[in-house]
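Peer 1: quick check, what structure comes out for this input:
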Amino acid sequence: MTVVIRHGTSETRDGGIHLLHFELRLPHPVVRVWAAVATPEGLPTWLAAADVLEPRIGGAVILHWLNADPQGRHTIAQGTVTAWDIERVAEYTVSVHGRIRFHLEPFGARESANGTVVRFTNEFRGTDELRLDRLAGWHNHFELLADALDGHPMTATDWAQWTPGRWQELRDQYVSRP
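Peer 2: Numbering: from 1, shown residues only. Sure thing, here's the model as predicted:
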């Protein structure tokens, strides 16, 4: 099943603080989505290797992005787990990316609740250009998350062959949005 990732939204507050918001409706149970967004085994299939992830408030986290920029550099973000409620909220406040929060809720038939709504927020300080970069980046990664949950995770080989083409296409879309 192909999940369409809707465009994220953003707001800018005084001092250049940006809040990005995405709402994903994924046809997978919460336990499966949680494993993808909050475990060292799941994160590299769509986002970044969790070189360190201590699953508790105040725990250390080091995320190592597996896709490289055109100069071959990988982003490494170090920080702290700032919210942790198993199968509900995972929040990391890290260098480079600021606060990234995944809030999961089940949806679907009351008995089966076979889907998950992910309410994602990224809060950071930066320029408007960085805001556009981040919107495109998260959108691109959420497409990869949907693929991973559908049984097509990114592998080391996939990450090595990753190019910024889709990211650029998405960034151009965000530039043209009101």
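
Peer 1: number of nearby residues for Trp138?
Peer 2: 22 (other CB atoms under 10 Å). Every C-beta, even on glycine, is put in place using the N, C-alpha and C of the backbone.

Peer 1: what sits up against whichever strand or helix holds His21?
Peer 2: In the assignment (DSSP states H and E), His21 maps to strand 17-26. Strand 17-26 has contacts (CB atoms under 8 Å, 6 or more residues apart in numbering) with 3, 5-6, 8-13, 33, 107, 115-126, 130-131, 134-135, 138-139, 142, 145-146, 149.

Peer 1: distance between the next helix or strand after that strand and the chain's centre?
Peer 2: With elements assigned by DSSP H and E, the helix or strand that comes after strand 17-26 is helix 30-38. Here helix 30-38 is found 12 Å from its chain centre; the criterion is CA atoms, centre = their mean, to the nearest Å.

Peer 1: in strands only, show me the contacts of strand 17-26.
Peer 2: Residues of the contacts of strand 17-26 located in strands (DSSP state E): 9-13, 107, 115-125.

Peer 1: return the members of those residues classed as buried.
Peer 2: Ser10, Gly115, Thr116, Val117, Val118, Phe120, Thr121, Asn122, Glu123, Phe124 (16 or more other CB atoms under 10 Å).

Peer 1: now those as CSV including distance to Glu41 and pLDDT?
Peer 2: Output for those, formatted as CSV (distance: CB to CB, whole Å; pLDDT from 0 to 100):
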residue, distance to Glu41, pLDDT
Ser10, 31, 98
Gly115, 22, 95
Thr116, 18, 97
Val117, 23, 97
Val118, 18, 98
Phe120, 20, 98
Thr121, 24, 98
Asn122, 23, 98
Glu123, 26, 98
Phe124, 26, 98
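
Peer 1: of those, which pair is most distant in space?
Peer 2: Greatest spacing in these, by CB to CB: Gly115 and Phe124 (28.9 Å).

Peer 1: point out where this structure drops to low pLDDT.
Peer 2: Applying pLDDT under 70 to the chain flags residues 1, 109-113.
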